[in-house]
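In: Here is the input, now give the coordinates:
(2 chains)
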Amino acid sequence: MALGKKKEERVKPSYMKLTPKTVLLYVAIILFCVIVISPLVIVFSSSLRTPGNQTSPLALFIEFSGASYAKAFNSMNYPMELINSFVTTAGSVLCIVIFATMAAYPIGRIKTKLARFLYFFFISGLIIPSQMVIVPIAQTLNRLGIPNTRFTPMIMFITCSLPFSVFLFSGFMKGLPVEIEEAAYIDGASLGKRFTTVVFPLLQPAIISCVITQGLWIWNDYFYPMVFISKKAQYSLPVGMLQFLGDKENPAQWNVLFAACVLCALPLIVVFLALQKQFVNGIAAGAVKG
Amino acid sequence: MRAAAFPVSIMKKINWKNELAYLWINYKWFLLAGLMVSAAVVYFLLAALTQKETAISVMLIDCHAAVSQETMDRDYLEAAELDPKSFQAEILTGLMFSGTDSGTYTMTSLSRFMSDIGNESLDVAGMREEDFLKYAGSGTWADLAALPGSENLLKAPDSLLMKDGKTIGIYADALPMLRHYGCYEDPDTRGVLGVIYNSRRKDEALRYLDFLSSMPDS
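Out: Next up, the predicted model:
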């Protein structure tokens, strides 16, 4: 450092300056994180207890045992239910993405009354919850001869997800530049080629949003599996967990139920960890585009 | 361009392996999606064609059975001398209307109950007496006395639930097999079983109630 010259003062960013406002903000954020994370910690801590341990769940990590996990794993027939859940979720999400993008493409591009009508036709599916019309839906499936199998709920998941997914994709489609498709058209690309090679890759952020939202809902849902499935061997994971819910005669086995919750969430956590880079890139790309 | 414009060495390389590789590189996602859709269609077709005939469909709501559904299915098929390879019994014991704090679970159980009645696929239902009487107002239960073959069940009047001159149900504590399964043991309320009004298998429903009124082997 040359003599006579002052050290350059480093200017702190505004968020690093400890003003009362910043301190209050940090305290609020930490409090919010504690409120959100504490139930997860309690669930995980309780799942590590033996099934008969009835001490307060707020006493965290007082015991480390895999007995609850073993009981949940065996009682639920976990491997079969995991396969059922995985195939149902993956198959439904794949069909939703394919059908919704193909439906949203003309809705987002064609400026006619028919396209507008189709848009509102799909959106109208959001108004009425499917639980209200489950009786006629069940009658329709029965009269169509569709058997009640472990994958029958897929039909309901796909149809109930289409309104929101079409809404999501058509909105995103309208933001995509038409010039890219026009350039592909000039180069001789057919409609199918334009959709698959030009439009579909550009929909990646919306596809990832759809996969995350619908995939999570389908994985955690037990309404349709309970309505359409009768055999225990065909249950999905959420339905299998219900056997640990109790009543006044047979109190709930909370530790086993919490272990079952962790086992049910584990595949999603693994998938997210494996694909988090793609998820974050997709969401970030969408944010930049927006 | 004409094939003759290409050198022979290149033409020799266009074989089925290269064509498959081309298809895979350019159309793999379509192929995979098509495979999955085809697999799903074939699965549903096979399931429809190989489906066993349902001998009886029963819902025991809020029953808290001590045995599994599979045990109850098997016991009935054995007692009715039905071949398990051709017939199946659907006896659901996991549904709850009351006795659970989960409103969603109650709503789902109710939806399952209503959709099976709407489908005309439910034959016998059991629930707590207070819930049973709620559904009696909408004509859910068939008059047991009017069903041919119900004489055996009507022998003990104390075990029957009457409403408006009709015999709509039979109490669970008068059914030894149900007690053997550990069902409806709550001392605060009684369980009642009835035949659904639009059941297509009323004779089978009566046979099931006869089975429940028989003494267990052990």
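
In: For chain B, what lies in contact range of chain A?
Out: Proximity of chain B to chain A is confined to B:30, B:33, B:36-37, B:40, B:43-44, B:47-48, B:51, B:62, B:64, B:68-70, B:90, B:92, B:94, B:96, B:99-100, B:102, B:104-105, B:107-109, B:111-112, B:114-116, B:118-119, B:121, B:185-186 under the rule C-beta under 8 Å from any C-beta of the partner chain. Where you see a C-beta, it was placed from the backbone N, CA and C, and this is true even at glycine.

In: Mind checking which of these are in strands?
Out: B:90, B:92 (DSSP state E).

In: List only buried entries from the residues of chain B next to chain A.
Out: B:36, B:40, B:44, B:47, B:62, B:64, B:69, B:90, B:92, B:94, B:96, B:99-100, B:105, B:108-109, B:111-112, B:114-116, B:118-119, B:121, B:185-186 (16 or more other C-beta atoms under 10 Å in any protein chain shown).

In: quick one: which of those sit in helices?
Out: Mapping these onto helices (DSSP state H) picks out B:36, B:40, B:44, B:47, B:69, B:105, B:108-109, B:111-112, B:114-116, B:118.

In: Break chain B into its domains for me.
Out: B:8-48, B:52-212 (automatic domain parsing).

In: Tell me which of those domains sits nearest to residue A:127.
Out: Closest to residue A:127 of the domains of chain B, according to C-beta to C-beta: domain B:52-212, at 19.0 Å.

In: Mind jotting down where the helices sit in the stretch 1-150 of chain A?
Out: Using DSSP state H, counting those that start in this stretch, the helices of the stretch 1-150 of chain A run over A:20-47, A:67-76, A:78-109, A:113-123, A:134-143.

In: hmm, who's touching the host helix or strand of residue A:192?
Out: Residue A:192 belongs to helix A:191-193 when assigned by DSSP states H and E. The contact list for helix A:191-193, computed with C-beta atoms under 8 Å, 6 or more residues apart in numbering or on different chains, reads residue A:184.

In: now swap in stretch B:88-107 and tell me
Out: A:131, A:223, A:230, A:242-243, A:245-249, B:52-65, B:69, B:72-73, B:76-77, B:109-110, B:112-113, B:127-128, B:131, B:183.

In: Derive a PyMOL selection command for the buried subset of these.
Out: Remark: buried members of the contacts of stretch B:88-107, expressed as a PyMOL selection using 16+ other C-beta under 10 Å:
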select buried, (chain A and resi 223+230+242+243+245+246) or (chain B and resi 54+55+56+57+58+59+60+61+62+63+64+65+69+72+73+76+77+109+110+112+113+127+128+131+183)
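
In: and the contacts of stretch B:88-107, which of them are in helices?
Out: A:223, B:69, B:72, B:73, B:76, B:77, B:109, B:110, B:112, B:113, B:131.

In: pretty sure the second one is touching residue A:233, no?
Out: Which is residue B:69. No. Applying C-beta atoms under 8 Å, one finds residue B:69 not in contact with residue A:233, separated by 10.5 Å.

In: remind me, longest strand of chain B?
Out: Max-length strand for chain B by DSSP E is strand B:53-60.

In: Determine how far it lies from the middle of the whole chain.
Out: Per C-alpha atoms, centre = their mean, to the nearest Å, the displacement of strand B:53-60 from the mean C-alpha position of its chain is 6 Å.

In: what mean pLDDT does stretch B:164-171 have?
Out: Average pLDDT, stretch B:164-171: 91.

In: How about residue A:227: what's its closest non-neighbour residue?
Out: Excluding the flanking residues, the one nearest residue A:227 by C-beta to C-beta, 6 or more residues apart in numbering or on different chains is residue B:112, at 5.0 Å.

In: what residues does chain A put near chain B?
Out: Of all the residues in chain A, those lying near chain B are A:91, A:94-95, A:98, A:131, A:134-139, A:142, A:145-147, A:149, A:151, A:154, A:196, A:222-223, A:226-227, A:230, A:232, A:242-243, A:245-250, going by C-beta under 8 Å from any C-beta.

In: what's the pLDDT at residue A:250?
Out: Predicted confidence (pLDDT) for residue A:250: 60.

In: Quick check: residue A:44 touching residue A:262?
Out: Yes. Counting by C-beta under 8 Å, residue A:44 does reach residue A:262; the two are 6.4 Å apart.

In: Look at the two and report which has more neighbours.
Out: Shown here are residue A:44 and residue A:262; by other C-beta atoms under 10 Å in any protein chain shown, residue A:262 has more neighbours (18 against 15).

In: Quick check: that one is in a strand.
Out: No. Residue A:262 is assigned helix when assessed by DSSP: H, G, I helix; E, B strand; the rest coil, not a strand.

In: Who are the contact partners of it?
Out: A:43, A:44, A:47, A:69.

In: Flag the shaky bits of chain B, pLDDT-wise.
Out: B:1-14, B:99-101, B:218 (pLDDT under 70).

In: Now the helix or strand bottoming out on mean pLDDT in chain A: buried residues?
Out: Ranked by mean pLDDT, DSSP states H and E, the weakest helix or strand in chain A is helix A:254-289, scoring a mean of 79. Buried residues in helix A:254-289, defined by neighbour count with 16+ other C-beta under 10 Å: A:254-264, A:271, A:279, A:282, A:286.

In: which among those residues gets closest to residue A:112?
Out: So of the buried residues of helix A:254-289, ranked by how close each gets to residue A:112 (C-beta to C-beta), first place is residue A:286, at 27.8 Å.

In: Is residue A:261 in contact with residue A:241, as I believe?
Out: Yes. Between residue A:261 and residue A:241 there is a contact under C-beta under 8 Å: 6.8 Å.
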